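*Asks:* build the 3D model from these lines:
(chains A, B, C and D)
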2 protein chains.
Amino acid sequence: MEDFFPSFFPSELRQTCRIGPIRKGEQLFHLGDNVQAIYRVVAGEIRLVRYGADGGEILLHRAGAGEYFAEASLGAEYYHCTAICTAEGTLLTIPVKVFRTFLEGDSSFAFAWAMELAGNLRALRRRFERLSLKGASDRVLHYLLTEGAEETGEVHLPGSLKAWAAEMNLAHETLYRTLNDMEARGLIERQGQILRLLGNA
Amino acid sequence: MEDFFPSFFPSELRQTCRIGPIRKGEQLFHLGDNVQAIYRVVAGEIRLVRYGADGGEILLHRAGAGEYFAEASLGAEYYHCTAICTAEGTLLTIPVKVFRTFLEGDSSFAFAWAMELAGNLRALRRRFERLSLKGASDRVLHYLLTEGAEETGEVHLPGSLKAWAAEMNLAHETLYRTLNDMEARGLIERQGQILRLLGNA
DNA sequence: CGTCGCATTGATATCGCTCAAATCCGGTGG
DNA sequence: CCACCGGATTTGAGCGATATCAATGCGACG
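*Replies:* Below you'll find the model as predicted:
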């Protein structure tokens, strides 16, 4: 199944992977577990979370279709967070042991993987930069500018507004209000699940 | 000079690198420049920044001795931020072209590099998680827990308190007050440049 | 039809930011 | 040796933006 694997995966590696369904609420691993696999979301959604001292859930990452997660745990002994399925789907499970073997022996694979990691790093830096903005509207603007379509700043809302608010570390109420304000000011335009950036200021 | 290079760098690669001094205020590259090199700080400090619409400086990363920067730009065409030297030191410059060649041809090098990137990714995730905390004291606690020495939660303050505040996206005044509060409450202990976590709550 | 979760709006509280000012410290030049 | 200066540190006061609490409508789903 070509769709399940990135093109650069060697066929021998593909044979050791597992592909299976994930159900909402299922936990793939917990904070502290020994690292046994890295994953790629084929369909559905996985959230990587950690729990604060007060029991509050801290969202580290949301992985959607096509995205890896726990990929940074390759060199670690144990997982640094907990993975929970938040939307039913399909999951590709890649055993670390075999994965490491290929990384060490196949230079073109290792190269492709390094490119992949570099891309993830850049994406995370964007999110980091976004979080460092204080204003809610600044974050929305930044999202449209960095994650939106080239030039047009058009974005398909990733799921519910509530989930989007969580990804940007905003209370969902604040996001509602902010979007209303911005639309009222003519900064953005909303058409159902599509957000468009209007004036380029 | 063994100190300048990570141990896994092939000697042929080392020969194409440049080692030179950097002065405070010097800019290594700007947002939008074509990617020509990745860097490693031997001594001193480099900050990766980006400028907001209001002209405000957004700190993306602070790289100190031993750290790489722009390493995620390997697969990119142009730099996504600006690099400024904030403390005099020495810089290792690694041309991307040669670097790529080695990545593609030397699997053990590529593997080591992938490990390096994975580590960077984990470090950035920690910082990201920290930023997602709302309270100032939560951020300080998180810093001590994740960046501090194992168990003891002991930390050498990275430079000035002001710089530390910037790294945690806090106003420096807020950090001063928070540290005072925390010390008064017996949560932490300060001895000059050393912060120690006391009660493990 | 009842329930659950998302969307939306209102009211209030809180925490960190901003502006301001005083002190301290290291370095520099006379 | 001392006066001066810039930057870090510290403390104070007040504001504002966001979180929080609360209530309602709405659509999907069993």
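*Asks:* for the rest of this, base every contact and every neighbour count on C-alpha atoms.
*Replies:* Will do.
*Asks:* now for the helix or strand bottoming out on mean pLDDT in chain A, which elements pack on it?
*Replies:* Between all helices and strands in chain A, the lowest mean by mean pLDDT, DSSP states H and E belongs to strand A:57-63, at a mean of 80. When contacts are defined as 3 or more Cα pairs under 8 Å, 6 or more residues apart in numbering or on different chains; DSSP states H and E, strand A:57-63 sits against strand A:37-51, helix A:161-167, helix B:107-131.
*Asks:* I'd like the ones you listed as JSON lines, with mean neighbour count, mean pLDDT and distance to residue B:96 appended.
*Replies:* Below are the helices and strands packed on strand A:57-63 laid out as JSON lines (neighbours: other Cα atoms under 10 Å in any protein chain shown; pLDDT from 0 to 100; distance: least, Cα to Cα, whole Å):
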{"stretch": "strand A:37-51", "mean neighbour count": "21", "mean pLDDT": "90", "distance to residue B:96": "28"}
{"stretch": "helix A:161-167", "mean neighbour count": "16", "mean pLDDT": "93", "distance to residue B:96": "33"}
{"stretch": "helix B:107-131", "mean neighbour count": "21", "mean pLDDT": "92", "distance to residue B:96": "13"}
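*Asks:* the ones you listed: which one's closest to DNA strand C?
*Replies:* helix A:161-167 (3.8 Å; Cα to the nearest atom of the strand).
*Asks:* the closest one and DNA strand C, are they touching?
*Replies:* Yes: against DNA strand C, helix A:161-167 shows contacts by Cα under 7 Å from any atom of the strand at A:161-163.
*Asks:* quickly note the distance from residue A:176 to residue A:157.
*Replies:* As judged by Cα to Cα, to the nearest Å, residue A:176 and residue A:157 stand 13 Å apart.
*Asks:* could you do residue A:96 as well?
*Replies:* Distance from residue A:96 to residue A:157, by Cα to Cα: 33 Å.
*Asks:* more neighbours: which of those two?
*Replies:* Using other Cα atoms under 10 Å in any protein chain shown as the criterion, residue A:96 and residue A:157 rank with residue A:96 on top: 19 against 13.
*Asks:* give me the pLDDT for that one.
*Replies:* Predicted confidence (pLDDT) for residue A:96: 94.
*Asks:* ok, now which ones touch it?
*Replies:* Listed by Cα atoms under 8 Å, 6 or more residues apart in numbering or on different chains, the contact set of residue A:96 reads A:35-38, A:74.
*Asks:* so which residues on chain A come close to chain B?
*Replies:* A:53, A:58-60, A:71-75, A:103-108, A:110-111, A:113-115, A:117-122, A:124-125, A:128-129, A:131-132, A:169 (Cα under 8 Å from any Cα of the partner chain).
*Asks:* domain parsing for chain A?
*Replies:* A:2-125, A:133-197 (automatic domain parsing).
*Asks:* how far off centre is the longest one?
*Replies:* Spelled out, it's domain A:2-125. 10 Å (Cα atoms, centre = their mean, to the nearest Å).
*Asks:* with the last one instead?
*Replies:* Between the mean C-alpha point of domain A:133-197 and the mean C-alpha point of its chain there is a distance of 17 Å (Cα atoms, centre = their mean).
*Asks:* buried stuff in the strand or helix carrying residue A:176?
*Replies:* Taking DSSP states H and E as the criterion, residue A:176 maps to helix A:172-184. Across helix A:172-184, burial judged by 16 or more other Cα atoms under 10 Å in any protein chain shown covers A:172, A:175, A:178-179, A:182-183.
*Asks:* cool, and stretch A:144-163?
*Replies:* Within stretch A:144-163, the residues that count as buried by 16+ other Cα under 10 Å are A:144-148, A:153-155, A:162.
*Asks:* and whichever residue of chain A sits closest to chain B, what is it in contact with?
*Replies:* Ranked by Cα to the nearest Cα, the top residue of chain A for proximity to chain B is residue A:107, at 3.9 Å. The contact partners of residue A:107, by Cα under 8 Å, 6+ apart, come to B:103-108, B:110-111.
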